[in-house]
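> just the structure for this:
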Amino acid sequence: MTYTEDLALALELADIADAITRARFLAQDLLVEKKPDATEVTDADRATELAIKEMLAQERPEDGVIGEEFGTSVGNNRVWIIDPIDGTANFMRGVPVWATLIALAIDGKPVVSVVSAPALDRRWWAAPGIGARTVEINGAVRELSVSKVAQLEDASISYNNLKLWDRSGLLGGLLSLTRKVWRTRAYGDFWSYMLLAEGALDVVAEHDLKIYDIAALVPIVEQAGGRLTAIDGELTETTSSVLATNGLLHEASSAEILG
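Model (predicted):
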């Protein structure tokens, strides 16, 4: 099976998303509302997801779609999973670390993805047979590969909100891991996983995620040679807590976190 056409479509969808999100970033009239789960949503989130779904309805009418803002439409064994703006809090505060996440899952497995961060002038993508790649600000495309760091004491890690770690009951495990590693940071959202795929980070762990937060990260991390699983085992559609590593540090990191 080849994924060239699906990847080309995903990149086109990212172009559509970038045009909307870039125009609304730092807009003085940005509309922000609270959703029932108390998270924020902007007019840019909604407009982006609608535009992507409209294109998918034209180009892949048989496929299903899962979106953060407008739910799920049933299709065949192919499902597009969309997060129109990953990092909405950053977007609304003027922090340029946000991205549109686009993934195609086949039989439940994310295989093709694009992560596009127009405020950073960066984009990443991956598919089987193509590998994982990024385009730099100067337009140069390069292949991604995770680091070769094999010992925790040499590793750099990134994690998310400590409140979520405390709420999960695993804050002690995180602190145990941080005592073993060389460097700790909390870059957050998609950015941590792209740095992992580029070899700049070695371990990433986060809680309280949804499928649309995770799906587009999986092909890029895996095609770059890394691993992305649930913190406590196999990654599924209901996974909320994830661990991503360069592969060499996966078991050791999991063991520290889980105690």
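> by mean pLDDT, which helix or strand of this protein comes out lowest?
Using mean pLDDT, DSSP states H and E, the weakest-scoring helix or strand in the chain turns out to be strand 71-73, at a mean of 77.
> now do the nearest residue to Thr178 once chain neighbours are set aside against Ser176, distance only.
The shortest distance from Thr178 to any non-neighbouring residue, by CB to CB, 6 or more residues apart in numbering, is to Thr184 (4.8 Å). Every C-beta, even on glycine, is put in place using the N, C-alpha and C of the backbone. To Ser176, Thr184 is 12 Å away according to CB to CB, to the nearest Å.
> now swap in Tyr159 and tell me
12 Å.
> which of these two has more residues huddled nearby?
Tyr159 (22 against 15; other CB atoms under 10 Å).
> run through the residues that contact the more buried one.
By CB atoms under 8 Å, 6 or more residues apart in numbering, the residues touching Tyr159 are Trp165, Leu174, Thr184, Ala186, Val204, Ala205, Glu206.
> which of these has the most neighbours?
Neighbour counts for these (other CB under 10 Å) peak at Val204, which has 29 neighbours.
> that one: what secondary structure?
The local conformation at Val204, judged by DSSP: H, G, I helix; E, B strand; the rest coil, is strand.
> list the beta-bridge partners for it.
On the basis of DSSP bridges, Val204 is bridged to Ser158, Ala244.
> wait, doesn't it sit right on Ser158?
Yes. The pair Val204 / Ser158 is scored as a contact, 5.0 Å apart, by CB atoms under 8 Å.
> who touches both of these two?
Common contact partners of Val204 and Ser158 (CB under 8 Å, 6+ apart): Ser192, Leu196.
> what's across from Pro110 in the sheet?
Residues in beta-bridge contact with Pro110 (DSSP bridges): Ala105.
> report the contact partners of it.
By CB under 8 Å, 6+ apart, the contact set of Pro110 is Ile81, Ala103, Leu104, Ala215, Ala216, Val218, Pro219.
> of those, which belong to helices?
Among the contacts of Pro110, the ones falling in helices (DSSP state H) are Val218, Pro219.
> of the contacts of Pro110, buried ones?
Among the contacts of Pro110, the ones that count as buried by 16 or more other CB atoms under 10 Å are Ile81, Ala103, Leu104, Ala215, Ala216, Val218, Pro219.
> got the residues you listed as a markdown table, with distance to Leu9 columns?
Listed next are those as a markdown table, based on distance: CB to CB, whole Å:
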| residue | distance to Leu9 |
| --- | --- |
| Ile81 | 14 |
| Ala103 | 12 |
| Leu104 | 8 |
| Ala215 | 16 |
| Ala216 | 14 |
| Val218 | 18 |
| Pro219 | 15 |
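> show me the protein divided up by domain.
The record, using automatic domain parsing to delimit domains, assigns the chain the ranges 4-143, 152-258.
> straight-line length of the longest one, end to end?
Distance between the boundary residues of domain 4-143 (CA to CA, to the nearest Å) amounts to 16 Å.
> what residue ranges in the chain score low on pLDDT?
Within the chain, the set of residues satisfying pLDDT under 70 comprises 38.
> now the least confident helix or strand of the chain, how far from the centre of its chain.
On the basis of CA atoms, centre = their mean, to the nearest Å, strand 71-73 sits 19 Å off its chain's mean C-alpha point.
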